[in-house]
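# could you look at this predicted model? Sequence included:
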Amino acid sequence: MDDYEKIYEPNNEKNQNFFAYLHYSNIHTCIRDTVLKVYNNFSNEYFNNKKENQKRYDSLFSLAENYLDNIIKKIEKEELFEAVSEDYSFTLKIEKYTHYVCGAVHDGTQFRRELWDNCLHTQYDRWFEEDPCTKEFVKSHPIVIAGCDSRFEYDLNRDPENAVFETAWGKQLWKNPLPKEQHHKSLEKHTNFYRVVKALIAKLEEKFGVVVVYDIHSYNWRRWDREVPVINLGTSNIDNDRFGKLVENWRLSLSELQLPYTNETTSKINDTFFGNGYFLKFITQNFQNTLVLATEFKKIYCDELNQIVFPEVVSAIEEQLREKIPAHAEAFYIAHRK
C-alpha cells in the first residue's frame, strides 16, 4: 500500500470497517539506505559534509509534513487507523469515533541522540519527572493520543514559548545553550502534535456536539512534606459552572478504585495541581464544547526512587478505567449533548 502497512483487515464482504496501522517509513528507510549502509562511525566523508546531510534531512522532513497532512485528512474523513508520526514523536489510535478521547502527553521517554552529550540531567533524572505508564492506563479506549518523546526534549504540556527548557526542576538542563536548529527541531514536533489535536477535537465536536478528554498524568508524591491524594483533578482552567457536576462525578468514581497496597484511593480537586497544562488550555481555548479533565495519579504504581514499575498496580488501574471512563463519558454526553 505504498506508504502504509495494513496489519489487520477482517472479512469485508459486508462493508465492515477495518482497523489499519499506518506508518510512513520513508525517513527511516532512506536514512538506513543512504547513511547507515554507506558510512560507519568513523566516516569523514559523512561527518565533514554537513550541508549535504542537512539537505538530505530537509528533503525527508518535507515528506514527513505530507504524512502529517495525510493523518489529518484521515481524521476529516472519519477513517479508522493507528498511526505513529514520521519522527516517532507521538502516536494516535482511532478504533472508533466517539465523544471522548484519552491523552497521555507525558508518557514518552525518548530523547534524541544529538542532545545526549549536552544534557546535564541523567536518564534517571528525566524518568523521575516523566509520567511512565500513563498511556498503558488508557490503552483499551477507542481514541488514544500520546507523546513518545521525553518532556526534557520539549514539553507538550507547556506553551510553545516555554516548551523547550533551559532549566528543569531547579537545575540547568544544558551544558551549552541549545543551538537554534536543535531548538527548532523540537518545537516542530510540538507544533505537529497540536495540529493533529486540533483536527481531532474539531472532528469530534462536529460529529457529537460535545467532547470530554481524559488528560492522564502522574506525579511524584515523595517530594511533598504532607499527605497528598492518590488522584488529583486540576480544574482551574475549565468552566466549572457548566461542568462542575460531572467533575465531581469523575472524582467520586476515581475514589472507588481498588488498588494493590493502597487502603484508600483518595481523590481531591486542586490539591496538588490545578490544571494549568497547555494540553488542557489549548483544547479549552479553541473548543467551547469540550471538557478536559486533568487527572493526576500519585506514583503509587512504581518505586520512583529506584525506577521500578509495579505491573500489578498498572494493570489494576487500566482494568478499572476500562469501565469507569466510558461510563463517565456517557453520563457527560447525556448531560451536555445539544
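Structure received.

# from L293, how far out is G277?
Noted for G277: a distance of 12 Å to L293, by Cβ to Cβ, to the nearest Å. From N, CA and C alone the C-beta is placed, and that goes for glycine too.

# again with L252
Counting by Cβ to Cβ - L252 and L293 are separated by 13 Å.

# give me the more crowded residue out of those two.
Per other Cβ atoms under 10 Å, whichever of L252 and L293 has more neighbours is L293, with 26 against 11.

# so which strand or helix has the more buried one?
Taking DSSP states H and E as the definition, L293 sits inside strand 290-298.

# using PDB, write out every CA atom in that strand.
In PDB, the C-alpha atoms belonging to strand 290-298 read as follows (Å, rounded to 0.1, in the frame of the first residue of the first chain):
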ATOM      1  CA  THR A 290     -15.000  20.200  25.100                       C
ATOM      2  CA  LEU A 291     -14.200  19.400  28.700                       C
ATOM      3  CA  VAL A 292     -10.700  18.400  29.600                       C
ATOM      4  CA  LEU A 293     -10.200  16.500  32.900                       C
ATOM      5  CA  ALA A 294      -6.600  16.800  34.000                       C
ATOM      6  CA  THR A 295      -6.300  13.600  36.100                       C
ATOM      7  CA  GLU A 296      -3.000  13.100  38.100                       C
ATOM      8  CA  PHE A 297      -2.200   9.700  39.600                       C
ATOM      9  CA  LYS A 298       0.200   9.700  42.600                       C
END
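
# domains in this protein, by residue range?
1-84, 87-336 (automatic domain parsing).

# just name the most buried of the ones you listed.
Stretch with highest mean neighbour count among these: domain 87-336 (a mean of 18; mean count of other Cβ atoms under 10 Å).

# pretty sure H121 is in a strand, no?
No: counting by DSSP: H, G, I helix; E, B strand; the rest coil, H121 is not found in a strand; it is coil.

# right, and it touches F152 too?
Yes: using Cβ atoms under 8 Å, H121 is in contact with F152, at 6.2 Å.

# Q288 and F243: what is the separation?
12 Å.

# next: N289.
Here the criterion is Cβ to Cβ. By it, N289 lies 10 Å from F243.

# between the two, which contacts overlap?
In the contact map built from Cβ atoms under 8 Å, 6 or more residues apart in numbering, the residues linked to both N289 and F243 are H336.

# circling back: need the residues touching each of G277 and L293.
Here G277 and L293 have D215 as joint contacts, going by Cβ under 8 Å, 6+ apart.

# quick one: low-confidence parts of the stretch 1-150 of the chain?
In the predicted model, the stretch 1-150 of the chain carries pLDDT under 70 at residues 1-33, 37, 53-65.

# so where do the helices sit in it?
Taking DSSP state H, counting those that start in this stretch, the helices of the stretch 1-150 of the chain run over residues 26-31, 44-47, 50-76, 123-129, 134-137.

# chain center to the last one: distance?
Between the mean C-alpha point of helix 134-137 and the mean C-alpha point of its chain there is a distance of 10 Å (Cα atoms, centre = their mean, to the nearest Å).

# can you give the contact residues for it?
So helix 134-137 is contacted by 91, 104, 106-107, 144, 146, 216-218, 297, 314, 317-318, 321 (Cβ under 8 Å, 6+ apart).

# on that earlier part again, after the strand holding L293, next one along is what?
Following strand 290-298 in sequence, per DSSP H and E, is strand 302-303.

# after that next one, which helix or strand is next?
Counting by DSSP H and E, what follows strand 302-303 is strand 308-309.

# hang on, the earlier thing: could you save the contacts of helix 134-137 as CSV and add columns showing distance to D159?
As requested, the contacts of helix 134-137 are exported to CSV (distance: Cβ to Cβ, whole Å):
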residue, distance to D159
T91, 22
A104, 19
H106, 15
D107, 20
V144, 23
A146, 20
I216, 20
H217, 17
S218, 21
F297, 24
V314, 30
I317, 29
E318, 30
L321, 28
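
# since that was my last question, I'll sign off now.
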